[in-house]
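J.: Give me the fold of what follows.
(4 chains)
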There are 2 protein chains.
Amino acid sequence: MGAGTSEGTTRRGRPGYDQETLVRRAVEVFNRRGYDATSVGDLASELGLTKSAIYHHVPSKEHLLSLALDDALDSLEVVIDAAVRESPAMSAYESLRTAVRRSVEVLVDKLPSVTLLLRVRGNSAIELQALERRRHIDEQLAGLVRSAVAEGALRDDVSPELISRLVFGMVNSLTEWYRADGDVDVAVLADAVVSLAFDGLALPQA
Amino acid sequence: MGAGTSEGTTRRGRPGYDQETLVRRAVEVFNRRGYDATSVGDLASELGLTKSAIYHHVPSKEHLLSLALDDALDSLEVVIDAAVRESPAMSAYESLRTAVRRSVEVLVDKLPSVTLLLRVRGNSAIELQALERRRHIDEQLAGLVRSAVAEGALRDDVSPELISRLVFGMVNSLTEWYRADGDVDVAVLADAVVSLAFDGLALPQA
DNA sequence: CCTACCGATCGGTAGG
DNA sequence: CCTACCGATCGGTAGG
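T.: From the prediction side, this is the model:
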């Protein structure tokens, strides 16, 4: 990174978009209108520049998608890998609680790119690669659930695979409604998700 | 309906698609490739007929979407209305359990059209109308949760709105992975969802 | 970062 | 007489 460009207000060259800003704003538009329904011309209009200006920063519309999906996947992989690695030292039950909590935090922190990721259906090679990385994450989470059930820490009347899908289905559903400017605090949300997932919504028996 | 056309094999005219079959098959393609990413030409190729044949059955691509969304919304509204109406006779807690269970059953029964519905983002007047009907359903469900909390039947340390969103987020996530030809039975699935939502995944205390 | 374009494909409709 | 379709093409717009 060149001197003086790392942060703050000093920049050389024409003021405007850098690639990171372009990706961030593009993801917002993709989420609002749908990736396929958004033409590069639409994108240019919404961002106040021309199609060619966009092609100055990225070689294709799909590369824009790829950068956004990598942002989401990288963050998710970090927290899931960490939870899986701590599993031998800690109980799988505790690692699973950590994984759920950290997943909520990543979803909130990287909401736009994770939202885009969760809407990918595999319509191109890039989307298929992203789905493959997602599948690997899902398998690691299912493994944690299996271990926690094997420890005797979780109920065994529902299969670990089904538990994993339903719990992380609940977590991922955050992207459907959570807004950073809303009235739901991240910590409150993460507590609620972990508590609902593990304790359910019936009254505490105690 | 004319004599002899109601069911069975006797039909007049050329054998082929009727509107209902067209909608059903189109929804499968829309879910696989995405509504916006599917051209009427794509659709025609996959269905083994021509674009003009499709326009014989429906006036527009959007009308095809509209028919599918109505199919999903009608079914969802039936079960939610029923749960809300039984609420005075029964406890809100019991009505909510019923609503969750019946919602799972509708999602499985109408999986393709509900999947399409849950992916709608409001890119057209028809999509906005569908989102409005969804919002009304969500409000009725949130009302049931509020009543159940007010009855003292549900925990009150998480807001009813958040409970509603997370529980039905879990329910709706079924569309991401459930397949009718898979190894998860509907009754088993409905039991698992209701039990996980109300009791959580920790070991039963008893 | 723009103007000026391309090969192709879009949703929709004609007559038969 | 109807339902179910076909081959060809319309005016516009897509990503690049």
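
J.: how's chain A carved up into domains?
T.: For chain A, the structural domains run A:19-57, A:61-199, going by automatic domain parsing.

J.: Do me a favour and get the end-to-end distance for the first one?
T.: When you say that, I think you mean domain A:19-57. 6 Å (C-alpha to C-alpha, to the nearest Å).

J.: Could you tell me how far it lies from the centre of the chain?
T.: Distance, stretch centre to chain centre, for domain A:19-57: 20 Å (C-alpha atoms, centre = their mean, to the nearest Å).

J.: Just the CA atoms of stretch A:181-192, as PDB, please.
T.: This file holds the C-alpha atoms of stretch A:181-192, laid out as PDB (Å, rounded to 0.1, in the frame of the first residue of the first chain):
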ATOM      1  CA  ASP A 181     -29.200   0.900  12.400                       C
ATOM      2  CA  GLY A 182     -32.000  -0.900  14.100                       C
ATOM      3  CA  ASP A 183     -32.700  -1.300  17.800                       C
ATOM      4  CA  VAL A 184     -31.200  -4.800  18.300                       C
ATOM      5  CA  ASP A 185     -27.800  -4.700  19.900                       C
ATOM      6  CA  VAL A 186     -25.300  -7.300  18.700                       C
ATOM      7  CA  ALA A 187     -24.500  -8.600  22.100                       C
ATOM      8  CA  VAL A 188     -28.200  -8.900  23.000                       C
ATOM      9  CA  LEU A 189     -28.800 -10.600  19.700                       C
ATOM     10  CA  ALA A 190     -26.000 -13.100  20.100                       C
ATOM     11  CA  ASP A 191     -27.200 -13.900  23.600                       C
ATOM     12  CA  ALA A 192     -30.700 -14.400  22.400                       C
END
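
J.: Does it reach chain B?
T.: Yes - counting by C-beta under 8 Å from any C-beta of the partner chain, chain B has neighbours in stretch A:181-192: A:Val184, A:Leu189, A:Ala192. From N, CA and C alone the C-beta is placed, and that goes for glycine too.

J.: Could you do stretch A:69-81 as well?
T.: No - counting by C-beta under 8 Å from any C-beta, chain B has no neighbours in stretch A:69-81; the shortest distance is 15.5 Å.

J.: where does chain A have low pLDDT?
T.: A:1-16, A:204-206 (pLDDT under 70).

J.: And the helices in it?
T.: For chain A, the helices defined by DSSP state H occupy A:19-33, A:40-47, A:51-57, A:61-86, A:92-109, A:111-118, A:125-150, A:160-172, A:186-199.

J.: now the last one: how far from the chain's centre is it?
T.: For helix A:186-199, the gap between its own C-alpha mean and the chain's C-alpha mean amounts to 17 Å (C-alpha atoms, centre = their mean).

J.: Now do it: which elements does it pack against?
T.: Judged by 3 or more C-beta pairs under 8 Å, 6 or more residues apart in numbering or on different chains; DSSP states H and E, helix A:186-199 is in contact with helix A:92-109, helix A:160-172, helix B:160-172.

J.: what's the spacing between the last one and its chain's center?
T.: Yep, that's helix B:160-172 we're talking about. Helix B:160-172 sits 15 Å away from the centroid of its parent chain (C-alpha atoms, centre = their mean).
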